[in-house]
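K.L.:
show me how the following folds:
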Amino acid sequence: MVGEKYVYAPVRGGLSAIDLITNRSAWVFPTDARRFVVDKERTRIIGAGKTSVVAIPFA
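P.N.:
Numbers count the residues shown, from 1 in each chain. This is a model prediction of the structure:
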């Protein structure tokens, strides 16, 4: 998933936001979610896992 500031990628234990300028991880959102979809209209990444559903701002 590519946004204006970050590339988002699932990693062990969460979702990582990779800064497009520095190519470094800016942050990791901890979650057990394994499936992610982008809701561009609401600028959110929706994730679903065994025990949780998350909505993360998409930039």
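K.L.:
ranges for the strands of the chain?
P.N.:
6-11, 14-19, 25-30, 35-39, 44-48, 53-57 (DSSP state E).
K.L.:
can you list those strands in CSV and add mean pLDDT and mean neighbour count?
P.N.:
In this view, the C-beta of every residue, glycine as well, is placed from N, C-alpha and C. Output for the strands of the chain, formatted as CSV (pLDDT from 0 to 100; neighbours: other Cβ atoms under 10 Å):
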stretch, mean pLDDT, mean neighbour count
strand 6-11, 95, 16
strand 14-19, 96, 18
strand 25-30, 96, 14
strand 35-39, 95, 13
strand 44-48, 96, 18
strand 53-57, 94, 14
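K.L.:
roughly how far does Thr22 sit from Tyr6?
P.N.:
10 Å (Cβ to Cβ, to the nearest Å).
K.L.:
oops, could you answer that again for Asn23 instead?
P.N.:
Taken as Cβ to Cβ, the span from Asn23 to Tyr6 is 11 Å.
K.L.:
go on, Gly47?
P.N.:
15 Å.
K.L.:
distance of Ser31 relative to Val11?
P.N.:
Quick fix: residue 31 is Thr, not Ser. 10 Å.
K.L.:
before we move on, what about Met1?
P.N.:
Counting by Cβ to Cβ, the gap from Met1 to Val11 is 13 Å.
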